[in-house]
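Novice: Here you go, sequence then predicted model.
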Amino acid sequence: MSGGAGGGGTGTRTPRTTGGGVVVDPRMRWRRIQVRRDEGRRRLRRLTTALALLVAVVAAVAATRSPLLDVDRVTVSGAERTGDDEVRRAAAVEPGTPLISVDTGAVAERVERLPWVGSARVSRRWPSTLEIRVTERAPVAVVQVTEDRAAIVDAEGWVLAIEERAPDEEVPEGERLVLTGISGRVAEGERLDEAARDALDLAVALEERLPGVVASVSTDLEAELVAGGVVRFGSTEHLDDKVTALKTVLDEVDTSCMEVLDVRVPGSPALTRNQMCS
């Protein structure tokens with residue numbers, strides 16, 4: 001009878017005893033097993049995710065290093081005076097270079113070292129094109145270096161080019177105003193010295209306000225007019241007022257036989273005529 005009662009159909013689980021004599025509830029044991037299984041599943045998921053990410057990274061790197069994504073073309077725009085081939089040589093990007101590995105900033109810096117180039121913008125065009133957009137400097141004046149060689153300069157004093165050119169040769173607009181009295185070094189790709197900067201500032205102001213009126217500007221800050229006569233500015237102080245005074249005299253006063261127009265005091269310009277002129 002007692003044996004039948006111990007194994008009867010009550011539905012209860014008999015607690016197990018551990019080796020140390022501690023009774024363990026079967027439900028706790030079952031919970032521990034479940035926890036271990038869950039931890040195993042989580043570790044497996046993390047490992048699977050990590051492997052998937054690794055495979056994706058390897059695939060992406062392999063794709064970017066594929067010959068299909070190498071540089072096949074280097075296109076250039078805006079290099080009218082520089083020339084496309086010269087820009088490509090300065091860029092120094094060899095065909096077959098992986099497009100992803102091109103340092104666009106370094107390429108732009110190399111291109112911007114060219115005398116005519118004011119700025120360069122470099123961008124990738126997938127799958128295989130490197131695009132270089134150039135903005136060139138604008139010439140404003142020339143320096144007659146020798147009798148037959150002239151240096152073209154921009155508004156900041158950069159020497160853009162030195163070309164063979166006679167003083168009386170017809171030249172493009174923007175290269176007609178001559179700077180005289182320049183005694184410092186004049187070299188392509190370099191900047192005029194400080195002694196020439198005031199003359200250049202005056203030349204730029206005159207060309208902006210009175211295009212085609214002035215033939216040359218000297219480092220003494222005297223401007224020779226195309227129609228004849230010299231304008232004395234003295235300094236670049238109150239330059240806008242001085243240019244306005246010059247423009248007013250040219251618009252309102254008979255300047256025939258003019259020898260010197262002194263605008264050093266812009267409120268009281270003084271005109272001197274050539275007495276030998278009839």
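Specialist: Nice, I can see it. Residues are numbered from 1 along each chain as shown.
Novice: name the element Arg121 belongs to?
Specialist: Per DSSP states H and E: Arg121 is located in strand 117-125.
Novice: Tell me the buried residues in the helix or strand following that strand?
Specialist: With elements assigned by DSSP H and E, the helix or strand that comes after strand 117-125 is strand 129-136. Counting neighbours by 16 or more other Cβ atoms under 10 Å, one finds that the buried residues in strand 129-136 are Leu130, Ile132, Arg133, Val134, Glu136. The C-beta positions use only the backbone N, C-alpha and C, and glycine is treated the same way.
Novice: who touches strand 129-136?
Specialist: With contact meaning Cβ atoms under 8 Å, 6 or more residues apart in numbering, strand 129-136 is reached by 71-82, 87-88, 91, 93, 99, 102, 107-108, 111, 116-125.
Novice: Just the buried residues of the residues you listed.
Specialist: So, by 16+ other Cβ under 10 Å, the buried ones in the contacts of strand 129-136 are 71, 74, 76, 78-79, 81-82, 87-88, 91, 93, 99, 102, 107-108, 111, 116-118, 120, 122.
Novice: Looking at those residues, which are in helices?
Specialist: Here DSSP state H is the test, and the buried ones among the contacts of strand 129-136 give Val87, Arg88, Ala91, Val107, Ala108, Val111 as lying in helices.
Novice: so which of those residues comes closest to Arg31?
Specialist: Proximity of those to Arg31 (Cβ to Cβ) peaks at Val107, which lies at 64.0 Å.
Novice: was I right about that closest one contacting Val122?
Specialist: Yes: applying Cβ atoms under 8 Å, one finds Val107 in contact with Val122, separated by 4.6 Å.
Novice: Need the residues touching each of the two.
Specialist: Ala91, Leu130, Ile132.
Novice: phi, psi of the closest residue in space to Leu192 that isn't next to it in sequence?
Specialist: Spatial nearest neighbour of Leu192, excluding adjacent residues (Cβ to Cβ, 6 or more residues apart in numbering): Gly157 at 4.1 Å. Backbone torsions for Gly157, taken as degrees, to the nearest 10, come to phi 90, psi 10.
Novice: what residues are up against Gly157?
Specialist: Each residue near Gly157 by Cβ under 8 Å, 6+ apart is listed here: Arg191, Leu192, Ala196, Arg197, Leu200.
Novice: Only whichever of these are buried, select them in PyMOL.
Specialist: This is the PyMOL syntax for the buried subset of those, where burial follows 16+ other Cβ under 10 Å:
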select buried, resi 191+192+196+200
